[in-house]
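Visitor: heads up, no residue letters with this:
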């Protein structure tokens, strides 16, 4: 009996082992509009066994990627790039799940984008110092003191403008990368309306193009990508043929095309990761139809 009890104690960690993984995110909190932002996500396996089949989803690219394996005490790093086009506060979310849809981790970060690279606090301190100096000089040399006070007030207005500029919130959807779509998305991406430019461009197609879209049932951005392609298919007069490929059921085909994230769209000589803008993919489809 005692031996059985000891055996159960030794085997308990195996049967009741929990996934031990941390997510570290390295990113700049303040950036300048128009300059690329690098975000690095590092997954750290703090457990004693290898982890496999993890899915990392994000709203930076609007994609989910399969993490093949992380050894014990090992790391897996994913780099993202984002270029803020407008000033404001951008929210980015990262979630880590298994293939059964169980959520392990979810983190949200804020990145503040401004048109100016000046750091606010040192400037504010400088303005305060100039104001105090201005009042001190004003008692002795009235003109110089007034000039310094006016300069201080102008600087305060500039700082106020910059701070107010950053109150605009750019909330990117966690399920669909609407900033990547560039088109109308309704009902979680099930209905998509193409832009007039995209529809007109489709008329330039010269031949049939077969399009593969690699998806997964765990992919949050895939419904939007599939809706976009089927909208293009419907407007192409039969020249665009869309074939949906489930990466979980067609791993060999996914490996053949080196699919790293879902959704991935493949046709001709082109491969697109994520959800593209309608005009962008239509231009490539026209080139592919001409043999490009």
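Guide: Noted; the coordinates are in hand. Note that this is a predicted model, so its numbers are computed, not measured.
Visitor: hey, let's count contacts and neighbours off CA atoms from now on
Guide: Fine.
Visitor: tell me where this protein has helices.
Guide: Assigned by DSSP state H, the helices in the chain fall at 2-15, 120-138, 142-165, 178-181, 196-202, 222-235, 251-256, 278-289.
Visitor: least confident of those, on average?
Guide: In terms of mean pLDDT, the lowest-scoring of these is helix 178-181 (a mean of 35).
Visitor: any low-confidence regions in the stretch 1-150 of the chain?
Guide: Scanning the stretch 1-150 of the chain with the threshold set as pLDDT under 70 gives 1-19, 99-101, 103, 116-150.
Visitor: now with 80, please.
Guide: The stretch 1-150 of the chain contains residues with pLDDT under 80 at 1-19, 53, 59-64, 66, 68, 85-91, 98-104, 115-150.
Visitor: who touches residue 239 in this structure?
Guide: Residue 239 is in contact with 205, 207, 208, 209, 233, counting by Cα atoms under 8 Å, 6 or more residues apart in numbering.
Visitor: the last one: neighbour count?
Guide: In this case it means residue 233. By other Cα atoms under 10 Å, 18 other residues sit near residue 233.
Visitor: what residues are up against it?
Guide: Residues near residue 233 by Cα under 8 Å, 6+ apart: 239, 240, 241, 242.
Visitor: list the contacts of residue 264.
Guide: Listed by Cα under 8 Å, 6+ apart, the contact partners of residue 264 are 213, 214, 215, 271, 272, 273, 274.
Visitor: who does the second one bridge with?
Guide: Yep, that's residue 214 we're talking about. As for beta bridges, residue 214 partners with residue 245, residue 264 under DSSP bridges.
Visitor: how many other residues sit next to it?
Guide: Counted with other Cα under 10 Å, the neighbours of residue 214 add up to 27.
Visitor: correct me, but it touches residue 248?
Guide: No: between residue 214 and residue 248 there is no contact under Cα atoms under 8 Å: 9.7 Å.
Visitor: who touches both of the two?
Guide: By Cα under 8 Å, 6+ apart, no residue touches both residue 214 and residue 248.
Visitor: ok so, going back, now the contacts of residue 264 as a markdown table including pLDDT and distance to residue 41?
Guide: Shown next, in a markdown table, are the contacts of residue 264 (pLDDT from 0 to 100; distance: Cα to Cα, whole Å):
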| residue | pLDDT | distance to residue 41 |
| --- | --- | --- |
| 213 | 94 | 26 |
| 214 | 92 | 24 |
| 215 | 89 | 23 |
| 271 | 89 | 24 |
| 272 | 88 | 22 |
| 273 | 83 | 18 |
| 274 | 81 | 18 |
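Visitor: what count of nearby residues applies to residue 22?
Guide: For residue 22, using other Cα under 10 Å, the count is 16.
Visitor: and it, how far is that from residue 76?
Guide: Per Cα to Cα, to the nearest Å, residue 22 is found 11 Å from residue 76.
Visitor: ok, residue 235 next?
Guide: 42 Å.
Visitor: also residue 216?
Guide: Applying Cα to Cα to residue 216 and residue 76 gives a distance of 21 Å.
Visitor: between the two, point out the one with more neighbours.
Guide: More neighbours surround residue 216 than the other of residue 216 and residue 76, with 21 against 15 (other Cα under 10 Å).
Visitor: doesn't residue 254 make contact with the more buried one?
Guide: No: Residue 216 sits out of contact with residue 254 when judged by Cα under 8 Å, with a separation of 11.3 Å.
Visitor: joint contacts of these two?
Guide: The contact sets of residue 216 and residue 254 overlap at residue 247 (Cα under 8 Å, 6+ apart).
Visitor: still on that earlier bit, nearest to residue 46, of the contacts of residue 233?
Guide: The shortest approach to residue 46 among the contacts of residue 233 belongs to residue 242, at 42.1 Å (Cα to Cα).
Visitor: chain neighbours aside, what residue packs nearest to residue 31?
Guide: Closest residue in space to residue 31, ignoring its immediate chain neighbours: residue 113 at 4.9 Å, by Cα to Cα, 6 or more residues apart in numbering.
Visitor: same thing with residue 199?
Guide: Residue 199 sits nearest to residue 235 (Cα to Cα, 6+ apart), 6.8 Å away.
Visitor: residues near that neighbour, how many?
Guide: 17.
Visitor: please apply the same query to residue 62.
Guide: Residue 62 is flanked by 30 other residues according to other Cα under 10 Å.
Visitor: cool, and residue 273?
Guide: 18.
Visitor: ditto for residue 202
Guide: 21.
Visitor: cool, and the one 4 residues further on?
Guide: Here the count is done by other Cα under 10 Å, and residue 206 has 15 residues near it.
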